[in-house]
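Q: Sharing a sequence plus its predicted fold:
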Amino acid sequence: QVQLVESGGGLVQPGRSLRLSCAASGFTFSTYTMSWYRQAPGKERELVARITSAGGSTNYADSVKGRFTISRDNAVNMVYLQMNNLEPGDTAVYYCNAHRTLFTLTSDYWGQGTQVTVSS
């Protein structure tokens, strides 16, 4: 069955770095656009970063540009989010998402999330 398993979250001080990982299985990973979303308490889930299926294109939320980098390794079905210079406003549950639209069929998968807390 389809699985997206996030890891790498935790408690970190402002200015420090974390690297999130998402292990995918059960679907043809290399054909999916992969994204990281986050949801802070009392807020809506928002897109953080996205990478196309072959990794040729990325886009980021304005709030993380220049600090976060999304990457993927299609050989091992992994997607990563390198987060540098973390700020308290980055505190949220981070979710991995896989999305593909093939003709009229849309597939959309979510992981269970990993907590990132930025606090001194």
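A: That came through fine.

Q: Find the residue ranges of the protein scoring beneath the pLDDT cut-off.
A: Scanning the chain for pLDDT under 70 picks out nothing.

Q: Could you measure from the residue nearest to the spatial centre of it over to residue 97?
A: Residue closest to the average C-alpha location in the chain (Cα atoms, centre = their mean): residue 36, at 2.3 Å. Distance of residue 36 to residue 97, computed by Cβ to Cβ, to the nearest Å: 7 Å. Placement of C-beta: from N, CA and C, glycine included.

Q: Residue 106 too?
A: 12 Å.

Q: neighbour-wise, which of those two wins?
A: residue 97 (21 against 9; other Cβ atoms under 10 Å).

Q: Which strands border the helix or strand where that one lies, and is each parallel or antiparallel?
A: According to DSSP states H and E, residue 97 maps onto strand 92-102. If you go by DSSP bridges, strand 92-102 pairs up with strand 33-39 (antiparallel), strand 105-110 (antiparallel), strand 114-118 (antiparallel).

Q: Quick check: phi and psi on residue 31?
A: Per-residue torsions, residue 31: phi -100, psi 0 (degrees, to the nearest 10).

Q: Show me where the chain has its strands.
A: Using DSSP state E, the strands of the chain run over residues 3-7, 10-12, 18-25, 33-39, 46-51, 58-60, 68-73, 78-83, 92-102, 105-110, 114-118.

Q: picking up where we left off before, and for residue 106 and residue 97, which residues touch both?
A: Between them, residue 106 and residue 97 share no contacting residue under Cβ atoms under 8 Å, 6 or more residues apart in numbering.

Q: Tell me how many other residues crowd residue 50.
A: Burial of residue 50 is recorded as 18 neighbouring residues (other Cβ under 10 Å).

Q: now it: how far from residue 33?
A: 6 Å.

Q: cool, residue 74 as well?
A: According to Cβ to Cβ, residue 74 and residue 33 sit 12 Å apart.
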